[in-house]
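> return atomic coordinates for the entry below.
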Amino acid sequence: MYVKIVNTSEEPKTLRLNFTGLRKKQNILPQERVRFCSGNLYEDNDALEPERFVPVREAFRVEMDSPSVEVTLPPYCFDVCIFELQ
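Predicted coordinates for the structure are as follows:
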């Protein structure tokens, strides 16, 4: 399952993802996250610095003691959180 989250604010944002609509016996396992952040909403890559901002793939490990999880996004950030359903 892929969950896309965007923070267009200049402040970090914490939010809770709720997965209460899944089957009762289905486990949700966080796997990885693809994060794309910039220091400013109006900055972008250009011909001189084509890789100033690049997506970063990383392990996504959070505690899933309930059908919800808390996630904090840095300013000006786009995340794709990848979960495995079992």
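
> show me where this protein has its strands.
Using DSSP state E, the strands of the chain run over 2-7, 13-18, 28-37, 56-59, 68-73, 77-85.

> and those strands as TSV, adding distance to E49?
Yep, even glycine has a C-beta here, placed from its N, CA and C like the rest. Output for the strands of the chain, formatted as TSV (distance: least, C-beta to C-beta, whole Å):
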stretch	distance to E49
strand 2-7	23
strand 13-18	27
strand 28-37	15
strand 56-59	16
strand 68-73	24
strand 77-85	19
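
> please name whichever of these is nearest to D44.
D44 lies closest to strand 28-37 among the strands of the chain, at 11.3 Å (C-beta to C-beta).

> and that closest one, what does it pack against?
Judged by 3 or more C-beta pairs under 8 Å, 6 or more residues apart in numbering; DSSP states H and E, the packing partners of strand 28-37 are strand 56-59, strand 77-85.

> looking at those strands, which is closest to M1?
Nearest of those to M1, taken as C-beta to C-beta: strand 77-85 at 4.6 Å.

> ok, now how distant is the residue nearest to T72 when sequence neighbours are not counted from P74?
Take T72 and drop its neighbours on the chain: the residue closest to it by C-beta to C-beta, 6 or more residues apart in numbering is T14, 4.5 Å away. From T14 across to P74, the span is 11 Å (C-beta to C-beta, to the nearest Å).

> pick out whichever of those two has more residues nearby.
Taking other C-beta atoms under 10 Å, T14 and P74 do not tie; P74 has more neighbours (15 against 9).

> tell me the contacts of that one?
By C-beta atoms under 8 Å, 6 or more residues apart in numbering, the residues touching P74 are 7, 12, 37.

> go again with 7 Å.
12, 37 (C-beta atoms under 7 Å, 6 or more residues apart in numbering).

> also R52?
R52 touches N45, counting by C-beta under 7 Å, 6+ apart.

> what confidence value was assigned to the residue sitting nearest the centre point of the chain?
The centroid of the chain falls nearest to D79 when counting by C-alpha atoms, centre = their mean (3.1 Å). D79 is assigned a predicted lDDT (pLDDT) of 94.
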